[in-house]
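Undergrad: 3D model of this:
(chains A and B)
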Amino acid sequence: MSDNEVAPLETAFGVDHHVTRAQAPDRPAQEGGPEMVQLLNPEGERVAHPELDAIVDDLSDEALRGLYRDLVLVRRFDTEATALQRQGELGLWASLLGQEAAQVGSGRALRRQDYAFPTYREHGVAWCRGVDPVNLLGMFRGVNHGGWDPNEKNFHLYTIIIGAQTLHATGYAMGVQRDGDVGTGDERRDTAVIAYFGDGATSQGDVSEALVFAGVNNSPVVFFCQNNQWAISEPNEKQTRAPLWHRARGFGFPGIRVDGNDVLAVYAVTKQALDAARTGQGPTFIEAFTYRMGAHTTSDDPSKYRVSAEVEVWKHRDPIQRYKRWLTTTGRADVDFFDAVDAEAEELGASVRERCLSMPDPDGSAMFDHVYADEHPVTTRERQWFEQYADSFEGAHR
Amino acid sequence: MTATTLAKGITSGLRAAMENDPKVVLMGEDIGKLGGVFRVTEGLQKDFGEDRVIDTPLAEAGILGTAIGMALRGYRPVVEIQFDGFVYPAFDHIVSQVAKLRARSLGYVSMPIVIRIPFGGGIGAVEHHSESNEAYFAHTAGLRVVACSNPHDAHWMIQQAVATDDPVIFYEPKRRYWDKGEVGDGPDGALGTARVLREGTDATLFAYGPMVKTCLQAAQAADEEGRSLEVIDLRSLSPLDTGAILDSVRKTGRAIVVHEASTFLGLGSEISAMVTEEAFHHLEAPVLRVGGYNVPYPPSRLEEEFLPDLDRVLDAVDRSLAY
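TA: Purely as a prediction, here's the structure:
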């Protein structure tokens, strides 16, 4: 026996890993648990919250009705886009069905100068930022890869690489700090950044690195995780052993779980986190507990991996129905209002359809545009070659 | 004009870039108080502060990902990757985001990020510290890739790289960091241009980064044997200065490309194909490539066998002239 042969330490110290570690749970009931912040229960009844009630009380009846309008219009837009995909007008669509409250609640908590970094499913946030919904269709129709000016509405391009945008958001927030736009007390200047991502993304190293960078820099960024329970076919328990909102603690800042189907709670929790960021108190991790009612995308088939009973449970928690009930029972809105919103939704659906169908295919040589800011000889040569080649065909039109 | 090292040429170039534009920030591991493991950023944090010379957490994906965000906010980050072999965790952000964001946004946003990478072998380092991975990046549309070979270019090219609105991978030949040379009053041509370092008539040696010096030595040795070799420092790998390359090939009729990276699908492959397509009738011999073998970079006791040296360059010259 050599001097450095490994001694069985476990035996020596009496450690038995088999009994001292908690077992990973089986498929957990999709309950947010007692820590989940909720201001409206699925029946549409207001749940008191000493800290957050004041934030909701500050909203006018008009603003509260506005949230309902957002929820309905966003869902209608999403339904139209799914239909357009089914009819072959879009190559793909990633539906937000079921996640309207998480997106509208957080999106409406943003100020004009704040900046949002979306995944590819943040149609509701885009709506709240004032992005023309037809712009969101371009990449799914295949006419561009995004193509809107991110700085016009402070809404970055959709990011398909899972989790990458959390780092972009953090870097942007580091820039905000260097511009001195944090903690000045000027409501029109102090700026927060919000990074959207899903439960699956939390497994990506990029997300953990973003939490590290934001933590050590005390950056004004809110990490808004929509836990919709499914990363395509993989449920939460394939991604995490601990509740997602617990992660923040390890990175040194607050984490909170909110009912993602409760637009009031999402609004209040996000506003609180954004205010903390703007005033120099650093990042917050929000886990919005919600559910992806539809498929991951139109190419997916959820019937292969989840049971319909689960979907039924979540139908009962629908974000729009509970909010409508509350608006009705508190007398904040009546049938006329709801009818008017429905009519507006139909108009939106029709106009989105019409404008989608009239979206022109790009000119072939457009693929050479914007590859480089300064002249690049390879791109220039290849563009010339392509144009000559395309023009060489009889009756050519590019 | 005073003599300075290549490393300090970059330092002074970075200093000038930071003085010219308050939006230029440096990001990387150990670049603050330590001045970077090669001391390239020495003294800059002291003079420009911790907000502009940022000691980042030890995470390359995080560095590039946050640099993208800083660029979106209007900054011009210059990122230091500590060693060539450490860039891979950041590869996704470089090729999927930095290279593409301009096209994806139809030109609404630019990515004026410079990614500095000390590259190449010859310093007896441990694994992952001696690689030449330029071909990966040169293959990616949206990126510019350059390599400096001497203190003068180091000083001026880093400033040109910072000034362009395109992302630039800036390769620094680590075994030449301590070589001294004069820094002149202005850059020798725009970023993207090659430079003829030695005129000749019998054959042309094309090189960049650390192999430029090797090729100059080879040309000197060949001269003593009565052979006249032209030496071109490519300086830019994407784009290639095809005009300068073809002019020289048309003159000498013989081309030999020299780099440390493996020859298989290396820059030499592209240059060979391009010269064959564009100057076929001027060639007196096939374009030859001298480079590393297609194996993982070997343990340092073997790197002299792996890396091209003066003798291997002259061997290729012999083969070309004997064709």
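Undergrad: show me the contacts for residue 283.
TA: Here I'm looking at chain A. A:Leu211, A:Ala214, A:Gly215, A:Asn218, A:Ser219, A:Pro220, A:Val221, A:Val222, A:Phe223, A:Ala248, A:Phe253, A:Ala277 (Cβ atoms under 8 Å, 6 or more residues apart in numbering or on different chains). All C-beta spots, glycine's among them, are computed from the backbone N, C-alpha and C.
Undergrad: wait, I meant chain B there
TA: B:Val249, B:Gly253, B:Arg254, B:Ala255, B:Val275, B:Thr276 are the contacts of B:Leu283 under Cβ under 8 Å, 6+ apart.
Undergrad: picking that back up, between the contacts of A:Pro283, which has the most around it?
TA: A:Val221 (36 neighbours; other Cβ atoms under 10 Å in any protein chain shown).
Undergrad: element containing the closest residue to it other than its chain neighbours?
TA: Spatial nearest neighbour of A:Val221, excluding adjacent residues (Cβ to Cβ, 6 or more residues apart in numbering or on different chains): A:Ala173 at 4.0 Å. A:Ala173 is part of helix A:164-178 when elements are defined by DSSP states H and E.
Undergrad: picking that back up, the residue nearest to A:Val221 against A:Val222, yeah?
TA: No - A:Ala173 lies out of contact with A:Val222 (Cβ atoms under 8 Å); the separation is 9.3 Å.
Undergrad: intersection of neighbour lists for those two?
TA: A:Ala192, A:Val193, A:Ala277.
Undergrad: now the strands: where do they sit in chain A?
TA: A:115-117, A:193-198, A:221-227, A:230-231, A:234-235, A:255-259, A:284-289 (DSSP state E).
Undergrad: so what strands line up beside the third one?
TA: Translated: strand A:221-227. strand A:193-198 (parallel), strand A:284-289 (parallel) (DSSP bridges).
Undergrad: So what's the gap between it and the chain middle?
TA: 7 Å (Cα atoms, centre = their mean, to the nearest Å).
Undergrad: And for the fifth one?
TA: Relative to the chain's own centre, strand A:234-235 is displaced by 18 Å; criterion: Cα atoms, centre = their mean.
Undergrad: what mean pLDDT does that strand have?
TA: Averaged over strand A:234-235, pLDDT sits at 94.
Undergrad: Sheet partners, orientation included, of it?
TA: Strand A:234-235 sits in its sheet next to strand A:230-231 (antiparallel), going by DSSP bridges.
Undergrad: Can you tell me how far the residue nearest the centre of chain A is from A:Leu274?
TA: Ranked by distance to the mean C-alpha position of chain A (Cα atoms, centre = their mean), the top residue is A:Tyr196 at 4.1 Å. Per Cβ to Cβ, to the nearest Å, A:Tyr196 is found 13 Å from A:Leu274.
Undergrad: Over to B:Val24?
TA: Distance of B:Val24 to A:Leu274, computed by Cβ to Cβ: 30 Å.
Undergrad: which one of the two has more residues nearby?
TA: The residue with more neighbours, out of B:Val24 and A:Leu274, is A:Leu274; 25 against 22, by other Cβ under 10 Å.
Undergrad: pLDDT, neighbour count and secondary structure for the contacts of B:Leu283 - can I get that in TSV?
TA: TSV is the format used below for those (pLDDT from 0 to 100; neighbours: other Cβ atoms under 10 Å in any protein chain shown; DSSP: H, G, I helix; E, B strand; the rest coil):
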residue	pLDDT	neighbour count	secondary structure
B:Val249	98	26	helix
B:Gly253	98	18	coil
B:Arg254	98	27	coil
B:Ala255	98	30	strand
B:Val275	98	24	helix
B:Thr276	98	14	helix
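Undergrad: Which among the strands paired with strand A:221-227 is found nearest to B:Gln220?
TA: strand A:193-198 (56.5 Å; Cβ to Cβ).
Undergrad: And the contacts of the closest one?
TA: So strand A:193-198 is contacted by A:106, A:110, A:114-119, A:121-122, A:125, A:162-163, A:165-166, A:168-170, A:172-173, A:176, A:207, A:210, A:219-228, A:231, A:270, A:274, A:277 (Cβ under 8 Å, 6+ apart).
Undergrad: Could you rerun that using 6 Å?
TA: Residues outside strand A:193-198 that contact it (Cβ atoms under 6 Å, 6 or more residues apart in numbering or on different chains) are A:115-119, A:122, A:163, A:166, A:169, A:172-173, A:221-226.
Undergrad: what do you get for stretch A:236-247?
TA: A:Ala24, A:Asp199, A:Gly200, A:Thr202, A:Ser203, A:Cys225, A:Asn227, A:Gln229, A:Gly255, A:Ile256, A:Arg257, A:Glu287.
Undergrad: of those, buried ones?
TA: A:Asp199, A:Gly200, A:Thr202, A:Cys225, A:Asn227, A:Gln229, A:Gly255, A:Ile256, A:Arg257, A:Glu287 (16 or more other Cβ atoms under 10 Å in any protein chain shown).
Undergrad: Looking at those, spot the one nearest chain B.
TA: A:Thr202 (15.3 Å; Cβ to the nearest Cβ).
Undergrad: Against A:Ala340, how distant is the residue nearest to A:Ile232 when sequence neighbours are not counted?
TA: The shortest distance from A:Ile232 to any non-neighbouring residue, by Cβ to Cβ, 6+ apart, is to A:His296 (4.4 Å). From A:His296 over to A:Ala340 the distance is 34 Å, taken as Cβ to Cβ.
Undergrad: And those two? Which one has more around it.
TA: Ranked by neighbour count (other Cβ under 10 Å), A:His296 and A:Ala340 place A:His296 first, with 19 against 12.
Undergrad: how far away is that one from chain B?
TA: 20 Å (Cβ to the nearest Cβ, to the nearest Å).
Undergrad: tell me the phi and psi of that residue?
TA: phi -60, psi -50 (degrees, to the nearest 10).
Undergrad: Tell me which two in the buried ones among the contacts of stretch A:236-247 are the farthest apart.
TA: Top of the distance list for the buried ones among the contacts of stretch A:236-247 (Cβ to Cβ): A:Gly200 and A:Ile256, 20.1 Å.
Undergrad: Any chance of a markdown table for the strands of chain A, columns distance to B:Leu205?
TA: Listed next are the strands of chain A as a markdown table, based on distance: least, Cβ to Cβ, whole Å:
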| stretch | distance to B:Leu205 |
| --- | --- |
| strand A:115-117 | 48 |
| strand A:193-198 | 50 |
| strand A:221-227 | 51 |
| strand A:230-231 | 53 |
| strand A:234-235 | 54 |
| strand A:255-259 | 60 |
| strand A:284-289 | 56 |
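Undergrad: So for B:Gly268, which of those strands sits nearest?
TA: strand A:115-117 (40.7 Å).
Undergrad: quick one: is that closest one near chain B?
TA: No - shown here: strand A:115-117 not in contact with chain B (Cβ under 6 Å from any Cβ of the partner chain), separated by at least 8.1 Å.
Undergrad: so where's the chain uncertain?
TA: You didn't say which chain, so I picked chain A. Counting by pLDDT under 70, chain A contains low-confidence ranges at A:1-3, A:6-29, A:397-398.
Undergrad: looking at chain B here, not the other one
TA: Within chain B, the stretches with pLDDT under 70 are B:1.
Undergrad: repeat that for 80
TA: B:1-2 (pLDDT under 80).
Undergrad: how about the residues of chain A that lie near chain B?
TA: A:145-147, A:149, A:157, A:161, A:167-168, A:170-172, A:174-175, A:178, A:206, A:209, A:212-213, A:370-374, A:376-378.
Undergrad: Can you select the buried ones among these for me in ChimeraX?
TA: Entered in ChimeraX, the line below selects the buried ones among those, by 16+ other Cβ under 10 Å:
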select /A:145,146,147,149,157,167,168,170,171,172,174,175,178,206,209,212,213,370,371,372,373,376
